[in-house]
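In: Fold the following, please.
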Amino acid sequence: MTSAHPDYPRLEFYLAGKWSSGEGRASEPVICPATGESLGELPHAAPADLRIALDAAQQADETWRHTPAVQRSALLRRAAGIIREESETLAGLIALELGKPIVEARKETTTAAEMFEWAAEEGRRAYGRVIPSRSEQSQLMALREPLGPVAAFAGWNAPSITPARKIAGALAAGCPVIIKPAEASPATALFLARALDRAGVPEGVLSMVFGDPATIARTLLSAPEIRMVTFTGSVPVGKDLAAQAAATMKRTVFELGGHAPVLVFPDVDVEAVARAGARTKFRNSGQICTSPTRFLVHREVHDRFVDAFAAEAARIRVGDPLDESTEMGPLQNPRRLDAIRELVEDAVAAGAELRSGGARPAGLSDKGWYFEPTVLTRVTKDCRAANEEPFGPLALVSAFDTTEEALTEANRLPLGLASYVFSNDLRVVDHVVPRIRAGNVIVNRWVVSLPETPFGGVLDSGIGTEGGVEGLQAFQQVKFVSRSAG
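Out: Presented below is the predicted three-dimensional model:
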């Protein structure tokens, strides 16, 4: 089906080295969140398509795992080069499908390319080790080998970064991958598949399919050919997939939800932290799993922080994601819009104070799924927003009196993905950092994840690690080899 937007491509899926239009198969529309209009029709993979992908991945596994790392590295570098050369096209797709402002979307394309570049380099360093032997006649070694075919599932909120991280890590480690990106942002993911296709990825090493998520998950997770599952998404879905994966003893790496606390102590530049915090919170309309959400501010500076934070939130320009001046676009889908509205109404009814936002922006309420950057204070612990990840443009600010009180609130929820600490007192930092239960603790800055750093959560926020050398090792298994001279 031809897209209603001139810059949106015809949608296909990539099956074992071949492109398929999906004719005769079920399909669904892809909706632009800025307008509510259809961008195109996305074909669904049929059960027979998944079987083709599985058979091709198993066959490709026999050759791809033995392909020299330097050759795998060269392919990933070629793909990264294509992404960089055509980054403006990719950024436009991100803006259309996700609603991320074009200026911010360009930054995402750079990170996606860096994911491939980092994996290309780190894949050449998949070192094993020689273990000191107890005998001159023997040699003991621990070797790193590819796990085998990988099933990958990626969400829509980082539509090029998340698939890039999973595909690049798997391929660099020597594993074929079948990936199901989000049906809400297929063209962005397919851009990556086209870059790899043009770079020369061998047949069967990569398949990219779309369709009913539950059906695809059941098919891939029950297949003996799949040896690992990597998933980015919600906690309930992650737990369900983990149970399915356990039935066939598949390796799992899951990056799930968060509800990130921010501890602000009185020795910092309060207004500067508040302004930067607001800009970070409302980036991508707050649809980031590491988004700072629960701002815990020392009572001594709480009011100053709230004033500066709310004022900065009100200054953020909400509008068309393709407009260069836009600073925050729409939410990705109407479900998120309804969820944020309900969370705000519930919190206010429970006694919270609305300091900024709280409604659809004037002039944008008749199209798309826009919501104002919203700031709530005096939030009670029993309201939904204090316990459920908002995953939208909603920030909660509350006061604390003691460090232990702040730590108790930071660790109150069964989530532990990202957390932030702002203090110039090393004694405070050294006390707080080891006591926060989170996979990522960020001190005096806002950047959580880079291609070269490990990224993962604890508790209900996930299992395993992506990114960095740890991310590459997640796709590998260790084989102990003991050799004797005679």
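In: In terms of helices and strands, where is residue 116?
Out: Assigning secondary structure by DSSP states H and E places residue 116 in helix 102-122.
In: Can you name the element that comes right after that helix?
Out: Going down the chain from helix 102-122, the next helix or strand is strand 129-131, by DSSP H and E.
In: picking up where we left off before, next, the buried residues of the helix holding residue 116.
Out: 102, 104-106, 108-120, 122 (16 or more other C-beta atoms under 10 Å). The way it works is simple: take the backbone N, C-alpha and C, and place the C-beta from them, glycine included.
In: Stretch 38-45 now?
Out: In stretch 38-45, counting by 16+ other C-beta under 10 Å, buried: 38, 39, 40, 42, 43, 44, 45.
In: Report the distance from that stretch to the chain centre.
Out: Taking C-alpha atoms, centre = their mean, to the nearest Å, one finds stretch 38-45 lying 22 Å from the centre of the chain it belongs to.
In: do the same with stretch 400-412
Out: The answer for stretch 400-412 is 28 Å, by C-alpha atoms, centre = their mean.
In: buried stuff in that stretch?
Out: Neighbour counts over stretch 400-412 (16+ other C-beta under 10 Å) mark 400, 403, 406, 407, 409, 410, 411 as buried.
In: And residue 355, how close does it get to residue 270?
Out: According to C-beta to C-beta, to the nearest Å, residue 355 and residue 270 sit 16 Å apart.
In: so residue 280 touches residue 295, yeah?
Out: No. Residue 280 is beyond contact range of residue 295, at 10.8 Å (criterion: C-beta atoms under 8 Å).
In: Please compare the two by neighbour count and tell me which comes out ahead.
Out: Set side by side, residue 280 and residue 295 show more neighbours around residue 295, with 28 against 20, by other C-beta atoms under 10 Å.
In: Which residues does the more buried one form beta bridges with?
Out: For residue 295, the beta-bridge partners are residue 262, residue 397 (DSSP bridges).
In: hang on, it packs against residue 260?
Out: No. Contact between residue 295 and residue 260 fails when scored by C-beta under 8 Å: they sit 9.6 Å apart.
In: so which of the buried residues of stretch 38-45 comes closest to residue 181?
Out: Using C-beta to C-beta, residue 42 comes nearest to residue 181 of the buried residues of stretch 38-45, at 10.6 Å.
In: what residues are up against that closest one?
Out: Neighbour list for residue 42: 11, 27, 28, 29, 30, 183, 186, 210 [criterion: C-beta atoms under 8 Å, 6 or more residues apart in numbering].
In: Switch the residues you listed over to JSON lines; also include secondary structure and distance to residue 161.
Out: Below are the contacts of residue 42 laid out as JSON lines (DSSP: H, G, I helix; E, B strand; the rest coil; distance: C-beta to C-beta, whole Å):
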{"residue": "11", "secondary structure": "coil", "distance to residue 161": "20"}
{"residue": "27", "secondary structure": "strand", "distance to residue 161": "26"}
{"residue": "28", "secondary structure": "strand", "distance to residue 161": "23"}
{"residue": "29", "secondary structure": "strand", "distance to residue 161": "24"}
{"residue": "30", "secondary structure": "strand", "distance to residue 161": "19"}
{"residue": "183", "secondary structure": "coil", "distance to residue 161": "18"}
{"residue": "186", "secondary structure": "helix", "distance to residue 161": "15"}
{"residue": "210", "secondary structure": "coil", "distance to residue 161": "18"}
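In: Please name the residues that touch the closest residue to residue 474 other than its chain neighbours.
Out: Leaving out its chain neighbours, the residue that sits closest to residue 474 by C-beta to C-beta, 6 or more residues apart in numbering is residue 253, at 5.0 Å. Contact criterion C-beta under 8 Å, 6+ apart gives 228, 229, 230, 231, 456, 462, 463, 464, 465, 466, 474 as the residues in contact with residue 253.
In: ok, now how distant is the residue nearest the centre of the chain from residue 230?
Out: Centroid-nearest residue in the chain: residue 162, 4.8 Å away (criterion: C-alpha atoms, centre = their mean). From residue 162 across to residue 230, the span is 10 Å (C-beta to C-beta).
In: Residue 241 now?
Out: From residue 241 over to residue 230 (counting by C-beta to C-beta), the distance is 10 Å.
In: Looking at the two, which one has more neighbours?
Out: residue 230 (28 against 25).
In: continuing past the helix or strand encompassing that one, what's the next helix or strand?
Out: Under the criterion of DSSP H and E, residue 230 resides in strand 228-232. Using DSSP H and E, the helix or strand that follows strand 228-232 in sequence is helix 235-247.
In: Make a PyMOL selection of whichever of the contacts of residue 253 turn out to be buried.
Out: Here is the PyMOL command that selects the buried residues among the contacts of residue 253 (16+ other C-beta under 10 Å):
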select buried, resi 228+229+230+231+456+462+463+464+465+466+474
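In: Could you take the contacts of residue 253 and lay them out as CSV, with extra columns for pLDDT?
Out: As requested, the contacts of residue 253 are arranged in CSV below (pLDDT from 0 to 100):
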residue, pLDDT
228, 97
229, 98
230, 98
231, 97
456, 96
462, 94
463, 95
464, 95
465, 95
466, 95
474, 96
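In: Show me which of the contacts of residue 253 is closest to residue 375.
Out: Among the contacts of residue 253, and counting by C-beta to C-beta, the member closest to residue 375 is residue 462, at 28.1 Å.
In: on that earlier part again, between residue 355 and residue 270, point out the one with more neighbours.
Out: residue 270 (24 against 20).
In: So that one is in contact with residue 302, correct?
Out: No. The criterion here is C-beta under 8 Å, and residue 270 misses it with residue 302 at 9.1 Å.
In: Would you mind checking the average pLDDT for the helix or strand where residue 169 lies?
Out: Assessed by DSSP H and E, residue 169 sits inside helix 161-173. Averaged over helix 161-173, pLDDT sits at 98.
In: ok, now stretch 51-67?
Out: Averaging pLDDT along stretch 51-67 gives 97.
In: List the contacts of it.
Out: Contacts for stretch 51-67 (C-beta under 8 Å, 6+ apart): 15-17, 45, 72, 145-146, 148-149, 171, 174-178, 202-205, 207, 209, 220, 223, 225-226.
In: Just the buried subset of those residues, please.
Out: For the contacts of stretch 51-67, a neighbour count by 16+ other C-beta under 10 Å gives the buried set as 15-16, 45, 72, 146, 148-149, 171, 174-178, 204-205, 207, 209, 220, 223, 225-226.
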